[in-house]
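Engineer: coords please:
(one chain, ligands or ions: 4)
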Amino acid sequence: MKHNYLFSRRLISIVLAVLWLATLANLVSAQPGVPGGRMEPGVLRIKITEPLARQLESATVTRTPGNVLMTGIRSLDLVNEQYKVTSLRRIFRDGGKFEARHRRHGLHLWYEITLDKTALLPAALEAYRGVIGVQHAEPSFKKAIIGSDRQDFGPRRIDVSAISAARASGVTLPGPSNDPLLDRQWHYNNTGQAAGTPGLDIALFRAWGLTTGTPNVVVAVTDGGAQVDHPDLAANMWVNTGEIPGNHIDDDNNGYVDDINGYGFGDDTGEIAPSDHGTHTSGTIAAVTNNGIGVAGVAGGSGTGDGVRIMSCAAFGATNQTGFELTYVYGADNGAVISQNSWGYTNPGAVEQVVLDAIDYFIAEAGKDENGNQTGPMNGGIVIFAAGNDNTDAQWYPGFYEPTLAVSGLTNKDTKAWYSNFGTWVDIASPGGETFFANDPQGVLSTVSNNGYAFFQGTSMASPCIRYCRSARFSARRAWLYTHHAASAPDTTCNRCQWS
Ligand SMILES: [Ca+2]
Ligand SMILES: [Ca+2]
Ligand SMILES: [Ca+2]
Ligand SMILES: [Ca+2]
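Structural biologist: Numbers count the residues shown, from 1 in each chain. Ligands and ions are numbered 1, 2, ... in the order given. From the prediction side, this is the model:
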């Protein structure tokens, strides 16, 4: 794998922040069972060859009296008829000015097929694999926000009326910001305030000496939706300046209507449905720091409007969950350079090549224009995933996919959090916290929906490594080699980090 990202000084804390965020997600528990039960019924995906793609793009589609879709391509139609196919569509919509780039990455070769819901998917997959020009066929595996099935993981809301008044204005960073809840964010500066071990944190105040964030770093958060108008988050939301809100027109012709702060992929709307989880992970990255209200974000700026920007990619919508692969392509094409993910499949070993292809696209193309010129703060992107909350070393994708940065979770005493996944595939560890009762201060505090604040626990990011992040430049591949957090022996020396 080739990663040649050169990081500037200002990016370091951002990356660290996002890393740790990665896992404030609460992953799903492993659900051993029949693999077929983990597939979405009535849908499968195929990747076809270039010749078949050309044929399909020029095909005249007709329908049989029974509404089965026919393409005029005999080998394909035979199977379509057998499985009562009603829809065959490109997964990645036309990329506009990025279409040539999409095609170079083969994104136009992916199709989604809607078939008889009662069809046995393993048999259907085999049938499509036998079609001339089909290189790959796969089901759509079920996915979940990490921990969404675990109410004990959060959110544990705090009483907003108990929030103390803002500290004095005029506070300058580095050093403690004026956010009134900062003292309860032990993961930034662990003084033992939540019965943790002083000093075991991400040394955020020191990192703020390098940077507090920068608005040209856009972080795409694939999760539930962020509350885009949360008073402690709104100012750091990415804004698509080419789009006019609410006019039902795709003004900037990027394929998405009214996408102002990202897109509700799950619900297929520019109106992003706020969720506690997506608001929490977004807030850890970039709640507005030093604005005198609520919490601080890791890269939320210095109080002068200079934080990183959050692009909310809500694949988990209010009514539906879909479009995961689209979020990476959307992110890369619309200016994001970091992709933050706190979702996973509902069983270990499940993986979708279409998602991996999209992740590869993000890693290769983020930060560049359609001609390959670097326009963003990085030449290529980073994709970060929560390792998961199953306390196993099984193959939990997409974090298990090597090019992503997989993040496990630590307690405020620098031990592996009880729930955190682990293994040689995990790249880094960071505070995820542990909560055992309502408002347990040992969790991680951030923003949630309805203008709220709450503790969550979840697999998280790497305070041990972050403490060693002092250099101005490093390569992604060299930086993130860490963590075999076996159940009881975290490597707090971080001696596998190789900062340059
Ligand atoms: Ca648009
Ligand atoms: Ca519009
Ligand atoms: Ca704040
Ligand atoms: Ca990795």
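Engineer: for the top strand by length along the chain, name the packing helices and strands.
Structural biologist: Counting residues, the longest strand in the chain under DSSP state E turns out to be strand 39-48. Packing contacts for strand 39-48, counted by 3 or more C-beta pairs under 8 Å, 6 or more residues apart in numbering; DSSP states H and E, involve strand 110-114, helix 121-129, strand 134-141, helix 353-365. Every C-beta, even on glycine, is put in place using the N, C-alpha and C of the backbone.
Engineer: how far off centre is the third one?
Structural biologist: Its chain's C-alpha centre and that of strand 134-141 lie 23 Å apart, by C-alpha atoms, centre = their mean, to the nearest Å.
Engineer: mean neighbour count for the helices and strands packed on strand 39-48 - can I get that in JSON lines?
Structural biologist: What follows is the helices and strands packed on strand 39-48, written out as JSON lines (neighbours: other C-beta atoms under 10 Å):
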{"stretch": "strand 110-114", "mean neighbour count": "20"}
{"stretch": "helix 121-129", "mean neighbour count": "17"}
{"stretch": "strand 134-141", "mean neighbour count": "19"}
{"stretch": "helix 353-365", "mean neighbour count": "22"}
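Engineer: and ligand 2, which of the ones you listed is closest to it?
Structural biologist: When those are compared by C-beta to the ion, helix 353-365 sits nearest ligand 2, at 24.4 Å.
Engineer: near ligand 4, anything from that closest one?
Structural biologist: No: using C-beta under 5 Å from the ion, helix 353-365 never reaches ligand 4; the gap is at least 11.0 Å.
Engineer: so what touches that helix?
Structural biologist: With contacts defined as C-beta atoms under 8 Å, 6 or more residues apart in numbering, helix 353-365 is touched by 3, 45, 47, 91-92, 101-102, 105-107, 110, 136, 138, 324-329, 331-333, 336, 339, 380-383, 398, 401, 403-404.
Engineer: and it, average pLDDT?
Structural biologist: Mean pLDDT, helix 353-365: 98.
Engineer: how close does the residue in the stretch 351-500 of the chain positioned nearest to ligand 2 get to ligand 4?
Structural biologist: Closest to ligand 2 within the stretch 351-500 of the chain is residue 370: 21.4 Å, counting by C-beta to the ion. Distance, residue 370 to ligand 4, using C-beta to the ion, to the nearest Å: 28 Å.
Engineer: how close does the closest residue to residue 282 other than its chain neighbours get to ligand 3?
Structural biologist: Spatial nearest neighbour of residue 282, excluding adjacent residues (C-beta to C-beta, 6 or more residues apart in numbering): residue 226 at 4.1 Å. Residue 226 is 15 Å from ligand 3, where distance means C-beta to the ion.
Engineer: does residue 226 touch residue 276 like I think?
Structural biologist: No: between residue 226 and residue 276 there is no contact under C-beta atoms under 8 Å: 10.1 Å.
Engineer: so for these two, which sits in the more crowded spot?
Structural biologist: More crowded of residue 226 and residue 276, by other C-beta atoms under 10 Å: residue 226, with 34 against 22.
Engineer: in the stretch 201-350 of the chain, where is pLDDT below threshold?
Structural biologist: Under the criterion of pLDDT under 70, none of the stretch 201-350 of the chain is flagged as low confidence.
Engineer: how about the residues of it near ligand 1?
Structural biologist: Proximity of the stretch 201-350 of the chain to ligand 1, by C-beta under 5 Å from the ion, involves residues 243, 250, 252, 254, 256, 259.
Engineer: the chain too?
Structural biologist: 243, 250, 252, 254, 256, 259.
Engineer: the second one - how many residues pack around it?
Structural biologist: Yep, that's residue 250 we're talking about. Neighbour count for residue 250, taken as other C-beta under 10 Å: 17.
Engineer: can you tell me which of the contacts of helix 353-365 end up in helices?
Structural biologist: Using DSSP state H, the subset of the contacts of helix 353-365 located in helices is 101-102, 324-329, 331-333.
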